[in-house]
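1. take this sequence and fold it.
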Amino acid sequence: MSNTYGDWLKAQREAAGLTQQELADAAIMTRSHISHIEAGRRIPSEEDARRLDKALNTGNVLSSFLPGKNDGTIADFFEPARQLEQQATMIREFALNFVPGILQTERYARAVLGPAFPPKSDAERDKHVVTRLERAKILNDPVTPVVWALLDEAVLHRPVGGPGVMAEQLTHIVRLAESERIRVHVLPFALGFHPLMESMLTLMWFEDQPPVAYSEALRMGKVHDSPSVVGQLQSRYDLALSDALPLKESQALLRATVKEYGHHD
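-> Numbering: from 1, shown residues only. Alright, predicted model coming up:
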């Protein structure tokens, strides 16, 4: 992305006589986050931009001129993660209840995004679905990013949109796995407790910056760039993955579940 924004931030910070750490402290951010924004590798969230404006006394410039500013079809708390998702060379997803956004079909996305509260108009729902499907276009590249999907078995059996929608959605995942575009593993119900039961998790790696993690719960999401926190979350993912079904067994379970949904049509 263009680095005009990052260059301007750096100029304002230096004009104020602040180090990256001092600005980070004033804006309640991490120094590495400031560094990545200045280098053009990250776009701050709207809340981060507002805090930077306040810390630098720049009015609302940084919050008003965010590159690719959110048009309202992405939750504010997810926007920083979406920007990183588009830059990642490797993505490892863990899904607790829903199919990860980048793997969703149009009908599944409509079923997830449709019954929103407060209710949305048909036009608003269509915009949200289009935005969701735009994210999935990162899979059009046959190689990058490398994607692993770790799915709690609950994802397979929660009939979002009904049997027909689920059969189509799981078939889509199977085809991506069979073509070796993604790897998919299922954490079976029989496992009981596993280290990722608290929330969904996305791990992302990049060519030119350290890895980050994104965790999300109900109307809350956070990008983690602290090396110690990211390392802990990677370890949790690795532990859960070690207990998941192997690749071929996971694909077989997905196919069997597709047939079960077919019997309900």
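2. could you list the low-pLDDT ranges of the protein?
-> For the chain, applying pLDDT under 70 flags the ranges 1-3, 68-77, 116, 264-265.
3. just the strands in it please.
-> Under the criterion DSSP state E, strands of the chain are mapped to 90-95, 146-152, 182-187, 200-205, 212-217, 220-224.
4. let's have the ones you listed in a markdown table, adding distance to Ser63.
-> Any C-beta I mention is one placed from the backbone N, CA and C, and that applies to glycine too. Listed next are these as a markdown table, based on distance: least, Cβ to Cβ, whole Å:
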| stretch | distance to Ser63 |
| --- | --- |
| strand 90-95 | 28 |
| strand 146-152 | 32 |
| strand 182-187 | 36 |
| strand 200-205 | 25 |
| strand 212-217 | 21 |
| strand 220-224 | 18 |
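5. so which of those comes closest to Ser64?
-> strand 220-224 (21.7 Å; Cβ to Cβ).
6. show me what that closest one is packed up against.
-> If you count contacts as 3 or more Cβ pairs under 8 Å, 6 or more residues apart in numbering; DSSP states H and E, strand 220-224 packs onto helix 79-87, strand 212-217.
7. out of the strands of the chain, which gets nearest to Arg41?
-> strand 212-217 (10.5 Å).
8. now the angle from the closest one to strand 90-95?
-> With axes from the mean of the first three to the mean of the last three Cα atoms, to 10 degrees as the basis, strand 212-217 and strand 90-95 are set at 20 degrees to each other.
9. what residues does strand 212-217 touch?
-> 77-78, 81, 84, 198-204, 221-225, 229-230, 233-234 (Cβ atoms under 8 Å, 6 or more residues apart in numbering).
10. just the buried members of those?
-> Buried residues within these, counting neighbours by 16 or more other Cβ atoms under 10 Å: 77-78, 81, 84, 200-204, 221, 223-225, 230, 233-234.
11. re earlier: quick one: which of the strands of the chain is nearest His263?
-> Judged by Cβ to Cβ, the one of these that comes nearest to His263 is strand 182-187, at 20.0 Å.
12. mind listing the strands that closest one pairs with, and their directions?
-> Strands that pair with strand 182-187, judged by DSSP bridges, come out as strand 146-152 (parallel).
13. quick one, what contacts Lys120?
-> Taking Cβ under 8 Å, 6+ apart, one finds His128 in contact with Lys120.
14. quick check: phi and psi at it.
-> Backbone geometry at Lys120, expressed as degrees, to the nearest 10, gives phi -120, psi 150.
15. now it: how far from Gly161?
-> From Lys120 over to Gly161 the distance is 17 Å, taken as Cβ to Cβ, to the nearest Å.
16. quick one on the thing from earlier: possible to save the helices and strands packed on strand 220-224 as JSON lines with distance to Gln104?
-> Below are those laid out as JSON lines (distance: least, Cβ to Cβ, whole Å):
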{"stretch": "helix 79-87", "distance to Gln104": "13"}
{"stretch": "strand 212-217", "distance to Gln104": "15"}
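17. list the buried ones in stretch 130-146?
-> Quick answer for stretch 130-146 (16+ other Cβ under 10 Å): 131-132, 135-136, 138-139, 145.
18. near the nearest residue to Leu66 once chain neighbours are set aside, how many other residues are there?
-> Nearest non-adjacent residue to Leu66, counting by Cβ to Cβ, 6 or more residues apart in numbering: Ala49, 5.7 Å away. Per other Cβ atoms under 10 Å, the neighbour tally for Ala49 reads 24.
19. quick one, what contacts Ala49?
-> Ala49 neighbours (Cβ under 8 Å, 6+ apart): 62-63, 66.
20. and for Ala88?
-> Contacts of Ala88 by Cβ under 8 Å, 6+ apart are 145, 204-206.
21. let's go with 6 Å and repeat that
-> Residues in contact with Ala88 (Cβ atoms under 6 Å, 6 or more residues apart in numbering) are 145, 204, 206.
22. likewise Leu56?
-> 12, 16.
23. shift numbering so it begins at 58
-> New numbering, starting at 58: the last item is Leu113.
24. quick check: Glu150 touching Pro157?
-> Yes - checked against Cβ atoms under 6 Å, the pair Glu150 and Pro157 is within contact range at 4.2 Å.
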